[in-house]
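Colleague: okay, structure incoming, though there's no sequence with it:
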């Protein structure tokens, strides 16, 4: 059974940092891409970052480039999203998702973790 469980969300002041974790199980992480997405109520879901399977290529949205870093620890079946210089507009529910490739709609999803950035 494929599972993705996000953790690490919380309340932080603008300029602060958080590290989100996506713990995976039920599949071999080595062979899958992991994406991070976020959503604010009433707005469309936004792709934030993705890391591919084979070469570990990374992708970032323009809104987070230079501030967020995605990484993977295949040995521990976990993918991380280090978020620095957080802004109030980063406030959202953050989801991790997996599929064979990085894409806008991925096959497996976690339940999400809330990130709130206060000004």
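Modeller: Cool, got the structure. Computed from a prediction, not measured in an experiment: that's the story for all the values here.

Colleague: OK, contacts around residue 84?
Modeller: Taking CB atoms under 8 Å, 6 or more residues apart in numbering, we find residue 84 in contact with 17, 67, 68, 69. No exception for glycine: its C-beta is placed from N, CA and C like everyone else's.

Colleague: residue ranges in the protein under the pLDDT threshold?
Modeller: The chain contains no residues with pLDDT under 70.

Colleague: residues contacting the residue lying farthest from the centre of the chain?
Modeller: What lies farthest from the middle of the chain is residue 119; by CA atoms, centre = their mean that is 22.3 Å. Neighbouring residues of residue 119 by CB under 8 Å, 6+ apart: 14, 88.

Colleague: where's it relative to residue 66, distance?
Modeller: Taking CB to CB, to the nearest Å as the measure, residue 119 falls 20 Å from residue 66.

Colleague: just want the most central residue of this structure.
Modeller: The residue lying closest to the centre of the chain (CA atoms, centre = their mean) is residue 36, at 2.7 Å.

Colleague: so that residue makes contact with residue 83?
Modeller: No. The criterion here is CB atoms under 8 Å, and residue 36 misses it with residue 83 at 9.4 Å.

Colleague: quick one, strands of the chain?
Modeller: 3-7, 10-13, 18-25, 33-39, 46-51, 58-60, 68-73, 78-83, 92-99, 108-109, 113-118 (DSSP state E).
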